[in-house]
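Student: I'll drop the sequence and a predicted model, then ask my questions.
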Amino acid sequence: MSSPADATIALDAVAAPASSSPQRIGGWLVQRRLGAGAMGEVFLAERGNQRAALKLVAKRFAGDDAFITRFQREIALLAKFDHVNVARALDGGDHEGRPWLAMEYVNGPDLDNLLKEHGPFFESDVVQVAMQIACGLDHIHQQAGLIHRDVKPANVLMHRAPGGDPNRLLNPGDHAKLIDFGLAKPVEQDEGSGLTMTGMIMGTPNYIAPEQVACERHLTLHVDMYALGASMFHLLTGRVPFERSSAAAVMAAHLNDAVPDPGQLVPAVSQATRRLIMTTLAKRPSERFTDWRAFLVACEKAVAAL
């Protein structure tokens, strides 16, 4: 489920009928159209020596005050972050009544597309990428008191360093970049109804934490930790933690079914990585790692065990 203020800048955007691209948006010179989705179009744009993936909201949302408020809130949130593992917001504004957001241009694919193209990845790569994502999540938590609430492979872009092996998930110099803060919220803020404008539980069913499914009013960083664990499970095994016939059945499994063991699908996975993922996927937040530092220590032990 995409967020209403979706700032995803992956280059595999949903195909949409082509439209004439504006030549300039704000101070940015539009180079070409990268793609489009339900919420708008994405352009490659330049300003001096800067390159950006510029998201221009679709015309049909221009008069939606609630949508515009959410979009502007996301821009304000992104401006607070400065971390190698979080895609930076460069600029934002209004173009002919349509809001736009310029994000750091990442010259690489998202983890979901990498998984579809290459299949499951090496255990060491999965753990080390998870460490980078955790560092980004810790940054947004420490700097802004935020939880992301929609951590998943599709919301992580890989910034590729030159000369790397395209068949590897992680090469020297590569950086995982967390994107899409449309569902982010302060930890201290009550969840309220837990519903989006479309009436669906906030989050993505395959990676959603049990407490999100239960619409608990007070959520913590552990919802992101659970989603990261679910993403690790997917990247390592090629399967999501709970494969069911409907989104409702998937969410019910997150809430009620036993914690899945990645070792049952990949027998060669180390005990340290099995414990890491299964602890991260514990049903109760109190049974997961205390904080991101504890998670990173467990990751370091898993890497050392390899």
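Tutor: Structure's in. What do you need?
Student: And stretch 22-35, end to end?
Tutor: From its first residue to its last, stretch 22-35 covers 14 Å (Cα to Cα, to the nearest Å).
Student: And stretch 90-104, by the same measure?
Tutor: This stretch, stretch 90-104, spans 6 Å end to end (Cα to Cα).
Student: Tell me the buried residues in that stretch?
Tutor: By neighbour count with 16 or more other Cβ atoms under 10 Å, stretch 90-104 contains the buried residues 90, 91, 92, 95, 98, 99, 100, 101, 102, 103, 104. Yep, even glycine has a C-beta here, placed from its N, CA and C like the rest.
Student: What of stretch 117-131?
Tutor: For stretch 117-131, the neighbour count (16+ other Cβ under 10 Å) marks 120, 121, 123, 124, 125, 126, 127, 128, 129, 130, 131 as buried.
Student: of all these, which two lie farthest apart?
Tutor: 120 and 131 (18.3 Å; Cβ to Cβ).
Student: quick one: residue 139 and residue 87 touch, right?
Tutor: No - contact criterion Cβ atoms under 8 Å: residue 139 and residue 87 do not qualify, at 12.0 Å.
Student: okay, the two: which has more neighbours?
Tutor: residue 87 (27 against 20; other Cβ atoms under 10 Å).
Student: tell me the phi and psi of the most centrally placed residue in the chain?
Tutor: For the chain, the residue nearest the mean C-alpha position is residue 155 (2.7 Å; Cα atoms, centre = their mean). Here is the backbone geometry of residue 155 (degrees, to the nearest 10): phi -100, psi 20.
Student: same check, this time on residue 99
Tutor: Dihedral pair for residue 99: phi -70, psi 150, per degrees, to the nearest 10.
Student: so what's residue 110 bridging to?
Tutor: Taking DSSP bridges as the rule, residue 110 bridges to residue 157.
Student: Against residue 64, how distant is it?
Tutor: Per Cβ to Cβ, to the nearest Å, residue 110 is found 27 Å from residue 64.
Student: of the two, who's got more company?
Tutor: Counted by other Cβ under 10 Å, residue 110 and residue 64 do not tie: residue 110 has more neighbours, with 25 against 14.
Student: Touching, that one and residue 152? I think so.
Tutor: No - under the criterion of Cβ under 8 Å, residue 110 is not in contact with residue 152, lying 9.4 Å apart.
Student: Show the contacting residues for residue 229.
Tutor: The contact partners of residue 229, by Cβ atoms under 8 Å, 6 or more residues apart in numbering, come to 277, 279, 280, 281, 288.
Student: And residue 299, by the same measure?
Tutor: The contact partners of residue 299, by Cβ under 8 Å, 6+ apart, come to 127, 128, 130, 131, 134, 276.
Student: Which phi and psi values does the first one adopt?
Tutor: The main-chain torsion angles of residue 127 are listed as degrees, to the nearest 10 and equal phi -70, psi -40.
Student: ok now do it, which residues does it touch?
Tutor: Contacts here follow Cβ under 8 Å, 6+ apart; on that basis residue 127 touches 232, 273, 276, 299, 302, 303, 306.
Student: Can you say which of those are buried?
Tutor: 232, 273, 276, 299, 302, 303.
Student: Let's see which of these end up in helices.
Tutor: 232, 273, 276, 299, 302, 303 (DSSP state H).
Student: Please tell me how far the first one sits from residue 90.
Tutor: Read that as residue 232. From residue 232 across to residue 90, the span is 30 Å (Cβ to Cβ).
Student: Can you pick out the most distant pair from the contacts of residue 299?
Tutor: Between any two of the contacts of residue 299 (Cβ to Cβ), the greatest distance is 12.1 Å, for 128 and 276.
Student: follow-up on the earlier one: so which of the contacts of residue 229 is surrounded by the most neighbours?
Tutor: residue 277 (29 neighbours).
Student: Can I get the buried ones among the contacts of residue 127 in CSV including pLDDT and distance to residue 217?
Tutor: Below are those laid out as CSV (pLDDT from 0 to 100; distance: Cβ to Cβ, whole Å):
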residue, pLDDT, distance to residue 217
232, 98, 28
273, 97, 33
276, 98, 29
299, 97, 30
302, 96, 34
303, 95, 37
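Student: Now do the one helix or strand residue 134 maps to: distance to the chain's middle.
Tutor: For residue 134, the element it lies in under DSSP states H and E is helix 123-144. Computed by Cα atoms, centre = their mean, to the nearest Å, the chain-centroid distance of helix 123-144 equals 11 Å.
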